[in-house]
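Peer 1: pasting the sequence and the predicted coordinates here, then a few questions.
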Amino acid sequence: MSSRFITPRDVYFGPGAIENLKNLKGQKAVVCIGGSSLKKSGALDRILGYLAEAKIQTKVIDGIEADPSLETVYAGAKVMQDFGPDLIVAVGGGSAIDASKCMWVFYENPDTKFEALLAPHQFPPLRKKARLVAVSTTAGTGTEVTAASVITDHKAKIKHPLIDYQLTPDVAIVDPELTYSLPPAVVASTGMDALTHAIEAYVAKAYNPFSDAPGLMAIEMIFANLQKSVEGDLEARQNIHYAQTLAGISFNSAFLGIVHSIAHTFGAYFKIPHGFGNALALANTIQYNAKRPETLIRFANMARFLGLPGRNDTILADNLVAAVRDLNKRVGIPPSYRAYGVPEADFKQNVSDMAKKALGDICTAFNPRDIDHANMEKVFWRAYEGENVNF
C-alpha cells in the first residue's frame, strides 16, 4: 500500500521572509487575519504594502476568532465571493489560517455542504479560482504546511478536524520575526502543540520514513529551545518557529492520535487553548500507547534520539514521559487539567460525553493503539488528575 508526502510548492523561511509577498503574481488578494495584534504591531501594514508593490488589489477579512466557527467561515466565503480574489493570504496562528482554508472551499464551491467535508479526503476541487498563501505568526500549529483545518461547532461543543491534501497551502511563509512579540504563555502553548504534532506523528498508524525525519528533528529542536524561547531568546524563538513547521510537515504525512482528540474535546467544552490542551494530555497518552509493543519501541527510539537514559525500552519510554512533564513545568504549564482550572463538577458531568466525542474524532482513527470508551474515559481522568496510570 502506497503513502503520500506533500508540502507547499514554496516554503520561504528566515527573518524577513514576509518580504516575499511582493513577488506574488495575481490581481486580487483577500488578507485574512484574527484580532488586532497584527494591526498594532504594524505587520498588517507591511503585508498590505508588499502586496501593493506587487500591484495586487487587497481586501482584509479580520476578526477571525480563536476556535473559528462555521458562521465565521460562511461570512468570509461571502466576502470572497463578492470580491473575487485569485489569492487568499491567510495570516496568523492556527485559527486564522484554518478558517481561511475552509472559506476557500466554500468560495470555490458555494453549494458544498459542511457535512460533506467531514470525511477525510473527500473535498471538491480547489484552485479553480484562487491559490492559498499561509503566513504563520505563532510557532505551533504548522497549519501553513498541512492539509488540516479545525472548525468548531460551539453549540454542539465539537471541534471538527477537516483533512484533505487540497487544503495544503501553495505558499508558506515562516518568518520568525513575526513571533518575536508573542507573550510567554502563547509561546509555551504553541510550542507544546508542535511537540505533540511531532510525537504523535512518529507513532501514528501512518508513520513513514518521510514523516519520521522532520518529526524527530522537530522533537529535538523543541526540547532544546522551548524554555529559552519562552524566556525571550530570539535565536531559540527562531528555532522553535522552524521546528513547528517541520512538525507540521511530519504530521501532514503521518497524521496524529488521541492527544489531539482529547485536546479538541476539552477545548470545545472548556475553552482551553489548543496547545495547552495537548500539553496537559500528552504524558498520559504516551503511557497508554506505550502498552502496544511496537509503539513502545518507537517511543524508546525517540528517547534515545533525545539522549535520555534507560537500560530497556520501558524505562526509556517512562523517561520520555518524565521529560514531557518536566518541559511543561519549565515553560509554566500546569501538571493537569484540574490544575489548569477545569472545575471537577463540570468535568465529572461531561467526561462520558467528552470521551464519546473524542472517540469520534478523526485523529483517533490514526492512533497507534486502539481505544474503547472505557479506556478513553480513563485517559481523560488521568489527564485531569495529572497522575501516572497503568493501562
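Peer 2: Structure received.
Peer 1: any idea what residue 161 is bridged to?
Peer 2: Beta-bridge pairing for residue 161 (DSSP bridges): residue 150.
Peer 1: which residues touch it?
Peer 2: Listed by C-beta atoms under 8 Å, 6 or more residues apart in numbering, the contact set of residue 161 reads 148-150, 260, 264, 361-363. From N, CA and C alone the C-beta is placed, and that goes for glycine too.
Peer 1: which one of these is nearest residue 210?
Peer 2: Each of the contacts of residue 161 was scored against residue 210 by C-beta to C-beta, and residue 148 proved nearest at 17.1 Å.
Peer 1: and the closest one, what does it touch?
Peer 2: Contacts were defined as C-beta under 8 Å, 6+ apart; by that measure residue 148 touches 98, 161-163, 167, 252.
Peer 1: quick check: phi and psi on it?
Peer 2: phi -110, psi 150 (degrees, to the nearest 10).
Peer 1: quick one, what contacts residue 65?
Peer 2: Contacts for residue 65 (C-beta under 8 Å, 6+ apart) come out as 34, 72, 95.
Peer 1: give me the lowest-pLDDT entry from the contacts of residue 148.
Peer 2: Scanning the contacts of residue 148 for pLDDT, the low point is residue 161. It has 91.
Peer 1: state the distance from that residue to residue 264.
Peer 2: Separation of residue 161 from residue 264 (C-beta to C-beta, to the nearest Å): 7 Å.
Peer 1: count the neighbours of residue 17 for me.
Peer 2: Burial measure for residue 17: 18 neighbouring residues, criterion other C-beta atoms under 10 Å.
Peer 1: count of neighbours near the residue lying closest to it once chain neighbours are set aside?
Peer 2: Using C-beta to C-beta, 6 or more residues apart in numbering and skipping the chain neighbours, the partner closest in space to residue 17 is residue 175 (4.0 Å). Neighbour count for residue 175, taken as other C-beta under 10 Å: 22.
Peer 1: just checking, residue 175 touches residue 15?
Peer 2: Yes: using C-beta atoms under 8 Å, residue 175 is in contact with residue 15, at 6.7 Å.
Peer 1: ok, which stretches of the stretch 51-200 of the chain are helices?
Peer 2: Secondary structure of the stretch 51-200 of the chain (DSSP state H, counting those that start in this stretch): helices located at 70-83, 94-108, 184-203.
Peer 1: mind putting these in JSON lines, mean neighbour count included?
Peer 2: Listed next are these as JSON lines, based on neighbours: other C-beta atoms under 10 Å:
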{"stretch": "helix 70-83", "mean neighbour count": "17"}
{"stretch": "helix 94-108", "mean neighbour count": "27"}
{"stretch": "helix 184-203", "mean neighbour count": "27"}
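Peer 1: can you redo those as JSON lines with distance to residue 235?
Peer 2: As requested, those are arranged in JSON lines below (distance: least, C-beta to C-beta, whole Å):
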{"stretch": "helix 70-83", "distance to residue 235": "36"}
{"stretch": "helix 94-108", "distance to residue 235": "24"}
{"stretch": "helix 184-203", "distance to residue 235": "14"}
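Peer 1: nearest to residue 38, of the ones you listed?
Peer 2: Nearest to residue 38, of all the helices of the stretch 51-200 of the chain, is helix 94-108, at 9.1 Å by C-beta to C-beta.
Peer 1: now do the contacts for residue 225.
Peer 2: Listed by C-beta under 8 Å, 6+ apart, the contact partners of residue 225 are 233, 236, 239-240, 243.
Peer 1: just the buried residues out of those, in ChimeraX syntax.
Peer 2: Applying 16 or more other C-beta atoms under 10 Å to those, the buried members can be selected in ChimeraX as follows:
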select :236,239,240,243
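Peer 1: so which residues of the chain form strands?
Peer 2: Assigned by DSSP state E, the chain shows strands spanning 10-13, 28-32, 57-61, 87-92, 131-136, 148-153, 158-163, 171-174.
Peer 1: just want the most central residue of this protein.
Peer 2: In the chain, the centroid-proximal residue (C-alpha atoms, centre = their mean) is residue 141; its distance is 3.0 Å.
Peer 1: I'd say that one and residue 241 touch.
Peer 2: No: under the criterion of C-beta under 8 Å, residue 141 makes no contact with residue 241, lying 11.4 Å away.
Peer 1: how many neighbouring residues does the closest residue to residue 23 other than its chain neighbours have?
Peer 2: Of all residues not flanking residue 23 in the chain, residue 54 sits nearest, at 6.8 Å (C-beta to C-beta, 6+ apart). Residues within reach of residue 54, counting by other C-beta under 10 Å, total 16.
Peer 1: follow-up on the earlier one: would you turn the strands of the chain into CSV with distance to residue 20?
Peer 2: Converted to CSV, the strands of the chain look like this (distance: least, C-beta to C-beta, whole Å):
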stretch, distance to residue 20
strand 10-13, 4
strand 28-32, 14
strand 57-61, 16
strand 87-92, 12
strand 131-136, 9
strand 148-153, 23
strand 158-163, 27
strand 171-174, 6
